[in-house]
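**Q** the amino acid sequence is not available; the structure is as follows:
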């Protein structure tokens, strides 16, 4: 069984940076994409960005392009989300997810494994 564990969330001032990590454990033969989603209070879960597991190709939602970067480390079975120039609008619980599809789907319906989430709070 696959488990995804996020870490690295916290409180940061606007303009600051955070780096989230997602460590995967367990065996999966269907992993093609890993992605980050976020959910702010009262809002739907939103695709932030994804990376193809083998090719390393990335895609992002427009609101984070140029500020957020996703990377992966096969040896550590992990992905990362480097977040720069954070704004209060980035405040949310951030989730790591795994999909068997490529390119990275933007709908959460296409992801079959999820982490428990990590809180990111950006103060103004």
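**A** Received, thanks. Keep in mind that what you see is a predicted model, and the values were worked out from it rather than measured.

**Q** stretch 105-112: end-to-end distance?
**A** Across its full length, stretch 105-112 reaches 12 Å between end residues, using C-alpha to C-alpha, to the nearest Å.

**Q** off-centre distance for it?
**A** Relative to its parent chain, stretch 105-112 has a centroid offset of 12 Å by C-alpha atoms, centre = their mean, to the nearest Å.

**Q** with stretch 34-43 instead?
**A** When C-alpha coordinates are averaged (C-alpha atoms, centre = their mean), stretch 34-43 and its chain have centres 9 Å apart.

**Q** and the residue most central in space within the chain, how far from residue 76?
**A** Geometric centre of the chain, nearest residue: residue 36, 2.0 Å, by C-alpha atoms, centre = their mean. Distance from residue 36 to residue 76, counting by C-beta to C-beta, to the nearest Å: 17 Å. For the C-beta atoms, the positions are set from N, CA and C on the backbone; glycine is no exception.

**Q** contacting residues around the residue nearest to the centre of the chain?
**A** By C-beta atoms under 8 Å, 6 or more residues apart in numbering, the residues touching residue 36 are 20, 22, 48, 49, 50, 70, 79, 81, 94, 95, 96, 97.

**Q** restricted to helices, list the residues you listed.
**A** With DSSP state H as the criterion, helices contain none of those.

**Q** hmm, back to that, mind checking the SS state of the residue nearest to the centre of the chain?
**A** Secondary structure, DSSP: H, G, I helix; E, B strand; the rest coil: residue 36 is strand.

**Q** equivalent analysis for the one 5 residues further on, please.
**A** State at residue 41, reduced to three classes by three-state DSSP: coil.

**Q** now for it: which residues touch it?
**A** Counting by C-beta under 8 Å, 6+ apart, residue 41 has no contacts.

**Q** could I get the pLDDT score of it?
**A** Residue 41 carries a pLDDT score of 93 in this model.

**Q** for residue 121, see how far away it is.
**A** Distance from residue 41 to residue 121, by C-beta to C-beta: 11 Å.

**Q** ok, now residue 49?
**A** Taking C-beta to C-beta as the measure, residue 49 falls 20 Å from residue 121.

**Q** of those two, give the one with the bigger neighbour count.
**A** Neighbour tally, residue 49 and residue 121, criterion other C-beta atoms under 10 Å: the higher count belongs to residue 49, 21 against 15.
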